[in-house]
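1. coords please:
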Amino acid sequence: MSESLPTLSQASAANNAKPQGIAVFSGGSAANNLVDVFKSIRESNRCTLSYVIPISDNGGSSSELIRVFGGPGIGDVRSRLVRLIPDDPDHDDSEKAAIKVFFNHRLPKERFNAKQEWLQIIEADHALWANISTAKKELIRSILNLINFEILKRLRPSSTFDFSSASIGNLFLTGARLFTGSFESAIYLLSSICSVPSHTSVLPAINTNFTHHISAGLADGTKITGQNSISHPSVTTALENSVIPSQHEETEYHDGIEDANLPGSLPTLRKQYISFSKADEEDLPARIERLWYINPYGQEIRLAANPRVLEALGDAQAVIYSIGSLYTSIIPSLILRGVGEAIANPSIRFRILVLNSTNDRETGPRSHPFSALDFVAAIAKACAESRGTVGVASSLAKSEYKSYVTHLIHLKGPGTPRVDKEELAELGIQTINVYGRRIEGEEFVRYDNMALIQALQALLGKRDPRERSRRNTLDST
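-> Here you go, the predicted structure:
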């Protein structure tokens, strides 16, 4: 028997229902540590969960994929999809575990060894294929063979693909995008293989087949181009051993390389940034004041957000800004057209910033690190810029910050950003101090998952009364 259609009154009630979803703005590796926290909050609220991920990363092995194929920076999207593979403690699901290992696997750093291992994988002669069913194995392998064919097609005397440290998951996602012609379809395919639940979505901030880069402006007038240069500069991998004495000659040099870059585009956006380290980073010469998108020639452009991101925000009761690099993981998603207005909509009851446990290169320099208020201001100004012009954002009154941040969750301990509870309270922003934990060998405090879950559940009103609260977990003002 077919299902009966809803009555008019039922449809009206559904349309007028309060938004219940949760939208999380985050990047990749740092926020992956909180996936179980957000999963628990979603389950207790019985709602949808959407992760909004930027696509502007041009560092690591993604830089080689962008150089040869163009397209968005996909590393953080792949990382989140694979992290969302469900763990079932009651069942020994060896295939899911094998798929997680497979898509997280990186080839060796040494170029020759990387190429040899890649050939083993696409020829199905590698231990990574163990415990993956034949159906999924052949589907995955067909996409990997496609990307391998596309790499061979683009082979030129001036340009060969470097497999060093390449992520198998990134290669798969790029191959799926090239095969379908759709980034969204590629994400759907990888989500299906990874068994990501239908109630949880991973949404690229921009749904695009093109490469989009960012630039940052510092307080001293310095401009930094490209996410890799902003967040974790690395020594570039030269395609040839040449000394490039000037930018003009460098541009001509790269124009002679046949890859996916347009002639005359900025050299800094065309290089390989395969090797980098997030440790021992140098301070920026001054604070970052603003972030914007650029075209390949360095000119500022305004871009619209992925319509599915705006749809998720329209269905959300809560927005969470997760931990991670402020200016390269969070802000790139907020400055897109439509996002600021959607976040400021009164239907969103909670706009929660989970404050980083420490400052990094983007929120320094160490002599003048960001405070909690500085984090809030950066988010509010990015959202305001999304709604209008640069001038509107730069003149944004502090009283408007609460339109974009209503609650701030933070830690106490060595190196944590300073939190002025009284000043934030005057702005209408509630602060919540939660319990942290220290890992041996680390100099900073980490969030305790259970403490963070309890804090978020208390805010959203769905806390399970059967759970025992951590002592001294909440210190709300």
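2. can I assume residue 166 is in contact with residue 61?
-> Yes - with contact defined as C-beta atoms under 8 Å, residue 166 reaches residue 61; the gap is 4.5 Å. From N, CA and C alone the C-beta is placed, and that goes for glycine too.
3. any common contacting residues for the two?
-> Listed as contacting both residue 166 and residue 61 by C-beta atoms under 8 Å, 6 or more residues apart in numbering are residue 106.
4. Strands of the stretch 151-300 of the chain, residue ranges please.
-> For the stretch 151-300 of the chain, the strands defined by DSSP state E, counting those that start in this stretch cover 200-204, 213-218, 223-225, 288-294, 300-301.
5. Retrieve the pLDDT associated with the nearest residue to residue 59 once chain neighbours are set aside.
-> The shortest distance from residue 59 to any non-neighbouring residue, by C-beta to C-beta, 6 or more residues apart in numbering, is to residue 228 (3.5 Å). Per-residue pLDDT puts residue 228 at 90.
6. do the same with residue 2
-> Value for residue 2, per-residue pLDDT: 38.
7. Give me the residues contacting the longest helix anywhere in the chain.
-> Ranked by number of residues, the top helix in the chain under DSSP state H is helix 134-153. Residues outside helix 134-153 that contact it (C-beta under 8 Å, 6+ apart): 68-69, 95, 99, 102, 118, 121-122, 124, 129, 132, 161, 168, 171-172, 174-176, 178-179, 189, 193.
8. among the residues you listed, which are in helices?
-> Per DSSP H, the contacts of helix 134-153 map to helices at 68-69, 95, 99, 102, 118, 121-122, 168, 171-172, 174-176, 178-179, 189, 193.
9. Residue 438 is in contact with residue 446, correct?
-> Yes - the pair formed by residue 446 and residue 438 meets the contact definition of C-beta under 8 Å, at 7.2 Å.
10. neighbour count winner among those two?
-> residue 446 (16 against 12; other C-beta atoms under 10 Å).
11. Now that one. Its backbone dihedrals?
-> For residue 446, the backbone dihedrals are phi -110, psi 160 (criterion: degrees, to the nearest 10).
12. what's near enough to touch it?
-> 33, 357, 436-439.
13. farthest pair in the residues you listed?
-> Spatially, the most separated pair among the contacts of residue 446 is 33 and 438, at 14.7 Å (C-beta to C-beta).
14. Could you measure from residue 186 over to residue 116?
-> Remark: distance between residue 186 and residue 116 (C-beta to C-beta, to the nearest Å) = 27 Å.
15. Tell me how far stretch 25-33 lies from the chain's centre.
-> Averaged C-alpha coordinates place stretch 25-33 at 6 Å from its chain's average position (C-alpha atoms, centre = their mean, to the nearest Å).
16. Ok, stretch 55-65 next?
-> Remark: stretch 55-65 is offset 12 Å from the chain centroid, using C-alpha atoms, centre = their mean.
17. From one end of it to the other, what's the distance?
-> Start-to-end span of stretch 55-65 (C-alpha to C-alpha, to the nearest Å) is 13 Å.
18. Check stretch 325-334 too.
-> Span of stretch 325-334 from end to end, C-alpha to C-alpha: 13 Å.
19. need the strands for the stretch 351-477 of the chain, in chain order.
-> Under DSSP E, counting those that start in this stretch, the stretch 351-477 of the chain gives strands at 407-410, 430-433, 436-438, 445-447, 475-476.
20. And the stretch 1-150 of the chain, by the same measure?
-> For the stretch 1-150 of the chain, the strands defined by DSSP E, counting those that start in this stretch occupy 21-25, 49-53.
21. Redo these as CSV? Include mean neighbour count and mean pLDDT.
-> Listed next are those as CSV, based on neighbours: other C-beta atoms under 10 Å; pLDDT from 0 to 100:
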stretch, mean neighbour count, mean pLDDT
strand 21-25, 26, 98
strand 49-53, 26, 98
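22. Switch the ones you listed over to a markdown table; also include distance to residue 374.
-> As requested, those are exported to a markdown table (distance: least, C-beta to C-beta, whole Å):
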| stretch | distance to residue 374 |
| --- | --- |
| strand 21-25 | 17 |
| strand 49-53 | 22 |
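23. Nearest to residue 365 among those would be which one?
-> Here strand 21-25 is closest among the strands of the stretch 1-150 of the chain (C-beta to C-beta), at 24.9 Å.
24. what's near enough to touch residue 29?
-> Residue 29 makes contacts with 79, 324, as judged by C-beta under 8 Å, 6+ apart.
25. how close does it get to residue 359?
-> 17 Å.
26. Also residue 336?
-> Distance, residue 336 to residue 359, by C-beta to C-beta: 25 Å.
27. and what of residue 184?
-> Using C-beta to C-beta, we find residue 184 at a distance of 35 Å from residue 359.
28. tally of neighbours for residue 402?
-> Using other C-beta under 10 Å, residue 402 has 18 other residues around it.
29. close enough to count as contact, residue 251 and residue 267?
-> Yes - Residue 251 is within contact range of residue 267, at 5.6 Å (criterion: C-beta under 8 Å).
30. Counting neighbours, go ahead and name the busier of these two.
-> Remark: of residue 251 and residue 267, residue 267 carries more neighbours, 20 against 16, as counted by other C-beta under 10 Å.
31. Dump the strands of the stretch 151-300 of the chain to JSON lines, plus mean neighbour count and distance to residue 156.
-> Listed next are the strands of the stretch 151-300 of the chain as JSON lines, based on neighbours: other C-beta atoms under 10 Å; distance: least, C-beta to C-beta, whole Å:
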{"stretch": "strand 200-204", "mean neighbour count": "22", "distance to residue 156": "29"}
{"stretch": "strand 213-218", "mean neighbour count": "21", "distance to residue 156": "23"}
{"stretch": "strand 223-225", "mean neighbour count": "17", "distance to residue 156": "26"}
{"stretch": "strand 288-294", "mean neighbour count": "20", "distance to residue 156": "27"}
{"stretch": "strand 300-301", "mean neighbour count": "10", "distance to residue 156": "29"}
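32. Tell me which of those strands lies nearest to residue 456.
-> Shortest separation from residue 456 across these is recorded for strand 200-204, at 16.1 Å, computed as C-beta to C-beta.
33. where are the low-confidence patches of the stretch 51-200 of the chain?
-> The stretch 51-200 of the chain contains residues with pLDDT under 70 at 89-92.
34. How many neighbouring residues does residue 156 have?
-> Residue 156 is flanked by 11 other residues according to other C-beta under 10 Å.
35. I'd like the domain boundaries of the chain, if you could list them.
-> Per the record, the chain has its domains at 20-55+299-476, 85-195, by automatic domain parsing.
36. Do me a favour and get the end-to-end distance for the last one?
-> Spelled out, it's domain 85-195. 6 Å.
37. how distant is that domain from the center of its chain?
-> Counting by C-alpha atoms, centre = their mean, domain 85-195 is centred 20 Å from the centre of its parent chain.
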